[in-house]
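Engineer: Any chance you can model this:
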Amino acid sequence: QVQLAESGGGLVQNGGSLKLSCAASGRTNSRYAMGWFRQAPGKEREFVATCSWSGSYRYYADSVKGRFTISRNNAKNTVYLQMNTLKPEDTAVYYCATSAKTYSSNEREYNSWGQGTQVTVSS
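Structural biologist: I've put the predicted structure just below:
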């Protein structure tokens, strides 16, 4: 089992930037895809970005494409989400997760989840 811990959330103004981190611990010796998801108040959790083990495959939700960048440092067992040009509609709890797939936007294909970090974008 892999344990995940997100950090880096906070309050930022419209148009600002934040960088989220997700550190993995436990059984990290297998190759796994990493994904970021988010859940806004009153809404279902939605896919944000995913990255393959090698970093060769990166896929984004249309709503964040061109503004968010996912990356990973396997030596540190950490995945990042650089979020630029943030908008109020990006306000949500952001979760990272691991998947045995090469990469995936389907949350059902993710088996380990972090506790989430709150991102709030003020207008």
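Engineer: Once you drop chain neighbours, what's closest to the residue positioned nearest the centre of the chain?
Structural biologist: Closest to where the C-alpha atoms of the chain average out (C-alpha atoms, centre = their mean) is W36, at 2.3 Å. Spatial nearest neighbour of W36, chain neighbours left out: V48 (4.2 Å); criterion: C-beta to C-beta, 6 or more residues apart in numbering. For the C-beta atoms, the positions are set from N, CA and C on the backbone; glycine is no exception.
Engineer: neighbouring strands for the helix or strand where that neighbour lies, and are they parallel or not?
Structural biologist: Using DSSP states H and E, V48 maps to strand 46-51. As defined by DSSP bridges, the strand partners of strand 46-51 come to strand 33-39 (antiparallel), strand 58-60 (antiparallel).
Engineer: And the contacts of the first one?
Structural biologist: Going back to what we said before, that points to strand 33-39. 20, 22, 24, 45-53, 70, 72, 79, 81, 90, 92-105, 107, 110, 116, 119 (C-beta atoms under 8 Å, 6 or more residues apart in numbering).
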